[in-house]
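Chemist: could you work out the structure for the sequence below:
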Amino acid sequence: MSATVVLPSMPAKCPLPVQSIPRGTSASIEDQNGKLVAHCVLVQCTKGQAYLIVQQMDAVVAPKAVTLCVPNMDKPFDLKISSISDVHPNRMHMPMYIQVHYNPEQRYPLEHLVDLLAETVLGRYNFELRKNLTIDLFDSAANAAIRDGAGFIVSDRHRFQQISVGAKQARAVLAPTNEVLISLVSDDHSELLKYDASLSNHQRADFLNFLIKECKNVLVAHWSPAKLAADAKEKDKENEKESEGKAEQKGEKEEAVNTVAGYLIASSERVLCLYAENSKIADSLLAAHIDRNNQKGTGYWGR
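Modeler: The predicted model follows:
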């Protein structure tokens, strides 16, 4: 009885031009006939953290042991297969240092790309202790082969579900609120950038600008005038209570109110990101996305 060979499956493919992602470094592999068989992009988030996108990985070549060359030294990230083998080198009886620290010439294509990109973007110094490289994969035996072969450590802290649902079914259960007004993003999206900066410790302005440029479906939820007026009235009452018995302070300027209450960015029917102050605003954004695009279905990732 012959053993079953499990071929790595493709991780979720980015629908946008990955070569244009801010702070991204791209590397690719061609086979001996010049066909593109592997393409990865490493996006640097911080000095010690990066996110890996496996944009293309040929299912036939992925489990092979390959050696690579650089045909053009002016393009060090454009690699080509020199040799290919079904059998990977057995290092079990080699010295422990060789087993752990030595990178053989014959490796999985993904191993070659991960090592090249990681060392280029994050560097070698204290890599295991101070650096973090993240990849999102489907939870399957096939993707476990990709994960383990490239040296990733398993973490179950963040598990997401890919959800696809018909537009009519989704629209029927959504409950929009009248507290917000939904509109397409304007040319001046400084308020949106300011709102996003309050959501994360990372500086994501460049990446958000990239998404706004590449995606046509960018919806922003603004608090309605009635909601803003009610909040301002409530705030005035609180300020009056706090100011009782205190000397009046002059010269203080009130900070301008950011009216953004959430946003949605989608590529075709696929929702890339959705942030909202509460679930009703999230419903409003998703409902507006479905209504505006008259689509058959929608898909997104959720925890």
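Chemist: quick one: contacts for the closest residue to His222 other than its chain neighbours?
Modeler: Using CB to CB, 6 or more residues apart in numbering and skipping residues adjacent in sequence, the residue nearest His222 is Thr259, 4.5 Å away. For the C-beta atoms, the positions are set from N, CA and C on the backbone; glycine is no exception. If a contact means CB atoms under 8 Å, 6 or more residues apart in numbering, then Thr259 has 191, 222-223, 228 as its contacts.
Chemist: please pick the buried ones from the residues you listed.
Modeler: Using 16 or more other CB atoms under 10 Å as the burial test, these include 191, 222-223 as buried.
Chemist: quick one: which of those residues is nearest to Ser85?
Modeler: Glu191 (56.2 Å; CB to CB).
Chemist: just the contacts of Thr259 now: which is nearest Pro63?
Modeler: Lowest distance from Pro63 to the contacts of Thr259 (CB to CB) belongs to Glu191, with 48.8 Å.
Chemist: nearest spatial neighbour of the closest one, skipping sequence neighbours?
Modeler: Closest residue to Glu191 apart from its sequence neighbours, by CB to CB, 6+ apart: Val260 at 5.0 Å.
Chemist: wait, the one you found touches Ser190, no?
Modeler: No: contact between Val260 and Ser190 fails when scored by CB atoms under 8 Å: they sit 10.0 Å apart.
Chemist: out of the two, which sits in the busier spot?
Modeler: With neighbours defined as other CB atoms under 10 Å, Val260 and Ser190 compare such that Val260 has more, 21 against 10.
Chemist: and the more buried one, bridged to which residues?
Modeler: With DSSP bridges as the criterion, Val260 is bridged to His222.
Chemist: rewinding a little: as CSV, the buried ones among the contacts of Thr259 with distance to Leu117 and pLDDT would be great.
Modeler: Listed next are the buried ones among the contacts of Thr259 as CSV, based on distance: CB to CB, whole Å; pLDDT from 0 to 100:
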residue, distance to Leu117, pLDDT
Glu191, 35, 94
His222, 40, 96
Trp223, 42, 95
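Chemist: out of these, which is nearest to Asp58?
Modeler: Nearest to Asp58 out of the buried ones among the contacts of Thr259 is Glu191 (CB to CB; 44.0 Å).
Chemist: what is the burial count for Leu117?
Modeler: Leu117 has 23 neighbours, counted by other CB under 10 Å.
Chemist: give the rounded mean pLDDT of stretch 34-46.
Modeler: For stretch 34-46, the mean per-residue pLDDT is 93.
Chemist: now it: buried residues?
Modeler: Using 16+ other CB under 10 Å as the test for burial, stretch 34-46 gives 37-45.
Chemist: contact partners of it?
Modeler: Applying CB under 8 Å, 6+ apart, the contact partners of stretch 34-46 are 14, 18-19, 21-31, 50-58, 61-62, 81, 109-110, 113-114, 117-118, 120-122, 133, 202, 207.
Chemist: same thing with stretch 17-27?
Modeler: 39-45, 53, 55, 77-79, 113, 116-117, 120-121, 206-207, 209-210, 214.
Chemist: and what of stretch 287-294?
Modeler: For stretch 287-294, the external contacting residues (CB under 8 Å, 6+ apart) are 167, 170-171, 174, 176, 182, 217, 219, 264, 266, 269, 271, 298.
Chemist: ok, of those, which come out buried?
Modeler: Buried among the contacts of stretch 287-294 by 16+ other CB under 10 Å: 167, 170-171, 174, 176, 182, 217, 219, 264, 266, 269, 271, 298.
Chemist: possible to save the residues you listed as TSV with pLDDT, secondary structure and distance to Tyr102?
Modeler: Formatted as TSV, the buried ones among the contacts of stretch 287-294 follow (pLDDT from 0 to 100; DSSP: H, G, I helix; E, B strand; the rest coil; distance: CB to CB, whole Å):
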residue	pLDDT	secondary structure	distance to Tyr102
Ala167	86	helix	53
Ala170	89	helix	52
Arg171	90	helix	57
Leu174	94	coil	55
Pro176	94	coil	59
Ile182	96	strand	56
Asn217	91	strand	48
Leu219	96	strand	52
Leu264	97	strand	48
Ala266	93	strand	46
Glu269	83	coil	46
Val271	91	strand	44
Thr298	80	strand	48
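Chemist: want to throw those residues into a markdown table with distance to Ser279?
Modeler: Compiled in a markdown table, these are given as follows (distance: CB to CB, whole Å):
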| residue | distance to Ser279 |
| --- | --- |
| Ala167 | 19 |
| Ala170 | 14 |
| Arg171 | 16 |
| Leu174 | 10 |
| Pro176 | 11 |
| Ile182 | 15 |
| Asn217 | 21 |
| Leu219 | 16 |
| Leu264 | 14 |
| Ala266 | 18 |
| Glu269 | 21 |
| Val271 | 15 |
| Thr298 | 17 |
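Chemist: that'll do, ta.
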